[in-house]
Structures are given as structure tokens and as C-alpha cells.
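S.K.: predicted coordinates and the sequence they were generated for:
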Number of protein chains: 2
Amino acid sequence: MEVTESRNIEDVTAPMGGPPVETDTRRRIVHAASTLLQRQGYESASVKLIAGAAKASPSSVYHFFPGGKQELAIEAMRYGAQEFSDLLTAGLSSSPDPAQATAACALLLADTLKESDWADGCPIAVTALETIGRVPGLQQAATEALVHWQELVTAKLESSGIAPAAARSLAGTVIGMLEGAELLSRVSGDDTPLREAAVHLAQLVRATPQV
Amino acid sequence: MEVTESRNIEDVTAPMGGPPVETDTRRRIVHAASTLLQRQGYESASVKLIAGAAKASPSSVYHFFPGGKQELAIEAMRYGAQEFSDLLTAGLSSSPDPAQATAACALLLADTLKESDWADGCPIAVTALETIGRVPGLQQAATEALVHWQELVTAKLESSGIAPAAARSLAGTVIGMLEGAELLSRVSGDDTPLREAAVHLAQLVRATPQV
DNA sequence: TATAGTCTGGATCGAACGTTCCAACCAGAA
DNA sequence: TTCTGGTTGGAACGTTCGATCCAGACTATA
């Protein structure tokens, strides 16, 4: 309560305008929470487990996140969403051709997932699905992330001459395809679905008329 | 295990056509478990909650499923997977044109989801994602369901002249697209992603060469 | 050094978890 | 009736959950 406020006022060294305050422990907690949420979801990623993974104690978690597990999860989802945005941006900017660029996103996701033993993929899918209609804060954070990712893809498609409406629609399908193919790949432990999704996404984008 | 088999053998009097069996407790438990697993996942669908939804008591759950929650979840996933197979079969057989047929699956899914307040969709996605690498029985049941659904789509595509390899690959993308678009639709509470997925799936199938 | 405020380790709370246990129930056979 | 075996309701087990508390360890300023 007052703890958070006074800390915000006095911590002049922290980055202005950014979200709360940046401590090493705090950052480790958010990072561990993000990883564990995407690995096993909201319910089975316990506060003690997260704290342990962050080499912190449960009291530190509640010190930095007075709102408890839900507040931590929301920030962890935002953190993970930003990381995923970076992955999308990297993929999208890897080629001027929008078809190759979207395919690159799928391939990049496949590589990242496989290299991390199917851990580092979409950071919000499990948590979001799990808490639909039951933890509004999480569902809203997930929706915002999905919208943002779709906007990234939309911008790329528009920039290569695809009409705005078609670009937005196609971008939704691209994000959906990535999410679905990732699900198949993670469950089956095989990156084939993501690699074939890359091919089909490229076909789909290539077939969309450019103005 | 033996419990299930012996019951199936002896239970010749109950289910067939006669007067309404007052309590088929076991079936109600499986049905309730299937619904709750797809609504909120494995961890937060507690045994007591499932039993309550099935108008049964926890001891009944452990009577019919000595293997506990995991054994129940596996059977509930198989049950739900069969229901989803029926939905896919209905969609696929709605048109001789494979493009229209796959699109129909997405639209059928969109309708089913929306009418049920985003509850009755893919019965395994949440549970499968949540337990990857931690509950092998569930992961395997999920993989089997996904493979079976992919085979249903593959058969439809092959039957309309698409080469086997291309059909299999495309079918994987179809299932992935359905899963991903459902995720977007459920999280955002909007059936637009599924409806646009229908359009793009039809485009994709139509663009695949037939022999 | 002393002081004040920030952070942390560990014990602890009540609630809920999966599971077990047992007495009661209910049908059909003797 | 009595017996028997499958079924049920409810209490209770130990564990773990999210969350709280507090004494002490930090860190920075004086």
C-alpha cells in the first residue's frame, strides 16, 4: 500500500515513466514468473515455485506485488508479451517480402521453441486460456497482447501494399496460425506443424492482392 | 482398469433403450469433467468441483476412477475428443468441395463456441498445454486426439484429389488454424478470428493443386 | 557511528487441494 | 427376512496453496 507509493517517490534512480521500479530481485521475479506461466500456466505456477526460480523469497514477491499473484501474473504477461513482440519484429523485418517475413516468424518461433525444450513460445496462451472469464485482469492483458501482435503484422502487410482491411484480417489469421501451430508442436513435441505453417502462411500472404 | 471393463460387460441392463436410468453416475462424471477441463483446465478443475457439477460425490469419482484425477481427465479428454471429431465430421461432410468443407468446420466451431458462451470448443487445448511435460498420460491422449482430427481432415482432402503428402501437411495447418483462431476468439470474446480463419482456410485449400 | 527506510528469510495462517476411509444405502438372490 | 456387493455421502487425512507477519539484514545518509 504505502510501501509501493513511497518507493516510487523516493527511487530517483529508477527509469522515469517506465512501469514501477526496477530492482534486480523484482526483475528476476517477473522473469521467472513469465517463464513458469508459459510453461505450466497460472494455477500450477505457485508463488513459492516462482520465488524459488527467481532465487527470492515469497515475502519479496508480496513486497513488490502487493496485489498478490494476480498482479505479478499481469506484469509477467506484459513482460513476456514484449519479448514475443521482439521475436515477431525480428521475423517481420528479416525480409521485405511480407510472405517471407511472416514465414520467418513461424520458423523463428519453431527454432526458439525447439532450442528451449518447448518452453519459450507464446508467453500468454496457456495462462489466457486457463483463466478465461475467471480472472478478468489476465484476460484483458492477454487481449491487449494479441491485439498488439496483430498490429505489428498488420503494419508489415500494409507497408507492402496490402489494403488495410485485408491486412488486418490476414494479420489475425497469422497470429492465430502461429498460436495454433505452436500448440500442435508443443503438445506433440515436433516442430513440423510450425514449419508447415510457415509454408502455408507464405502461400496465403502471397495470394493476397497488393494495390 | 479392470473396474471399467467389468462394468462395461455387466452393465448390459442399464443404458439400452429402456426407462430413463435414474443415475448413470459414471457418465455424468465424465461429461462434467470434460466440460470443466475445457473451460478452466486441469489444475483448477478440482475433483470436488467436477463431482458437484455431476451431482455426485468425490467418493464416486474415486470409485469409478481408482487412478484418481489423472485417470478421469484422460477419459474425459477422450470423450471430448470424440465430440470434437463429430463436429469436424459434420463440417467436413457439409460440402463436397474441400475448401468449403474446411471453412464449414471453422464456422461450425464459431457457432458452437458463441452459443455456449465460449465454453464448448476444443476440449483438449487448455488441459494439454497446461500439462505438457508434466503429466505424460494427458499429453499422450491429447496427441492422439490431434492426430485423429488431422486424419479426418486428411481423408477429406485426399478424397477430393489432393496428393497424400500435401493433404497431410495441409490438414495439420487446418487443425492448427482452428486451434489458434479458437484461442483468439475465446480470449477476446469475439468470433471474428474464427470467421476470418474460415475464409483463409478456404483460400488455402482452393490454392492447393488437385491431381 | 547511529538512524531510518527498504528489502528478505522463515514461520505461520486459514482454506482448498487430492485422496482415503467408513458407515450407510440399495438392489437382487437366497 | 437376511445376506451380499456395488454405490454413495460426508468426515477426515496430510499436503500445498495464496497470503501475512515479523525480526533481522541490508543500504544510504548523516
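M.R.: Ah, there it is.
S.K.: low pLDDT regions in chain A?
M.R.: For chain A, applying pLDDT under 70 flags the ranges A:1-22.
S.K.: spatially central residue in it, please.
M.R.: A:Ala81 (2.8 Å; CA atoms, centre = their mean).
S.K.: please name the nearest non-neighbouring residue to that residue.
M.R.: Nearest non-adjacent residue to A:Ala81, counting by CB to CB, 6 or more residues apart in numbering or on different chains: A:Ala145, 3.7 Å away. Every residue, glycine included, has its C-beta placed from N, CA and C.
S.K.: equivalent analysis for A:Asp117, please.
M.R.: B:Gly133 (7.9 Å).
S.K.: do the same with A:Ser188
M.R.: B:Thr143 (5.1 Å).
S.K.: neighbours of that neighbour, how many?
M.R.: For B:Thr143, the count of nearby residues is 17 (other CB atoms under 10 Å in any protein chain shown).
S.K.: do A:Gln82 as well
M.R.: Count around A:Gln82 with other CB under 10 Å applied: 13.
S.K.: same question, A:Arg168
M.R.: So A:Arg168, with other CB under 10 Å, has 18 neighbours.
S.K.: now for it: which residues touch it?
M.R.: When contacts are counted by CB atoms under 8 Å, 6 or more residues apart in numbering or on different chains, A:Arg168 touches A:Gln150, A:Thr154.
S.K.: need phi/psi at it.
M.R.: Main-chain torsions, A:Arg168, degrees, to the nearest 10: phi -60, psi -50.
S.K.: packing partners of the one helix or strand A:Leu107 maps to?
M.R.: Counting by DSSP states H and E, the element that carries A:Leu107 is helix A:98-115. In terms of contacts (3 or more CB pairs under 8 Å, 6 or more residues apart in numbering or on different chains; DSSP states H and E), helix A:98-115 is packed against helix A:68-92, helix A:136-159, helix A:164-188, helix A:192-206.
S.K.: ok, then the element right after that helix?
M.R.: Past helix A:98-115, the next helix or strand by DSSP H and E is helix A:125-130.
S.K.: any chance you could list what contacts that following helix?
M.R.: Under CB under 8 Å, 6+ apart, the answer for helix A:125-130 is A:37-43, A:73, A:77, A:138-139, A:142, A:179, A:182-183, B:40-41, B:43-44, B:125-126, B:129-130, B:183, B:186-187.
S.K.: burial measure for A:Arg78, as a count.
M.R.: 17.
S.K.: hang on, it packs against A:Ala141?
M.R.: Yes: proximity of A:Arg78 to A:Ala141 meets the contact threshold set by CB atoms under 8 Å, at 6.1 Å.
S.K.: most tightly packed of the helices and strands packed on helix A:98-115?
M.R.: helix A:164-188 (a mean of 25; mean count of other CB atoms under 10 Å in any protein chain shown).
S.K.: tilt between that one and helix B:164-188?
M.R.: Counting by axes from the mean of the first three to the mean of the last three CA atoms, to 10 degrees, helix A:164-188 lies at 110 degrees to helix B:164-188.
S.K.: now whichever residue of chain A sits closest to chain B: how far from A:Asp120?
M.R.: As assessed by CB to the nearest CB, chain B sits closest to A:Gly180 within chain A, at 2.7 Å. Using CB to CB, to the nearest Å, A:Gly180 is found at 18 Å from A:Asp120.
S.K.: now do the contacts for A:Leu107.
M.R.: A:Gly91, A:Leu194, A:Arg195, A:Ala198.
S.K.: can you say which two of those are spatially most distant?
M.R.: A:Gly91 and A:Arg195 (13.8 Å; CB to CB).
S.K.: now do the shared contacts for these two.
M.R.: A:Ala106, A:Leu107.
S.K.: show me which of the contacts of helix A:125-130 neighbour DNA strand D.
M.R.: Here is what survives when the contacts of helix A:125-130 are matched to DNA strand D using CB under 7 Å from any atom of the strand: A:Glu43.
S.K.: re earlier: surely the residue nearest to A:Ser188 meets A:Arg186?
M.R.: No: with contact defined as CB under 8 Å, B:Thr143 does not count as touching A:Arg186 (10.5 Å).
S.K.: need phi/psi at A:Ile162.
M.R.: Per degrees, to the nearest 10, the backbone of A:Ile162 is at phi -80, psi 140.
S.K.: you'd agree A:Lys55 is in a helix?
M.R.: No: read with DSSP: H, G, I helix; E, B strand; the rest coil, A:Lys55 is coil and lies in no helix.
S.K.: please identify the helix or strand for the closest residue to it other than its chain neighbours.
M.R.: Among residues not flanking A:Lys55 along the chain, A:Arg28 sits closest, at 6.5 Å (CB to CB, 6+ apart). Secondary structure assignment for A:Arg28, by DSSP H and E: helix A:24-44.
S.K.: in that helix, which residues are buried?
M.R.: A:25-26, A:28-44 (16 or more other CB atoms under 10 Å in any protein chain shown).
S.K.: one more: stretch A:44-62?
M.R.: A:Ser44, A:Ala45, A:Val47, A:Ile50, A:Ala51, A:Ala53, A:Ala54, A:Ala56, A:Ser60, A:Val61, A:Tyr62.
S.K.: I'd like to know which of these is nearest to B:Leu170.
M.R.: Nearest to B:Leu170 among these, with distances taken as CB to CB, is A:Ser44, at 34.7 Å.
S.K.: check contacts around that closest one.
M.R.: Contacts of A:Ser44 by CB under 8 Å, 6+ apart are B:Glu43, B:Glu130, B:Arg134.
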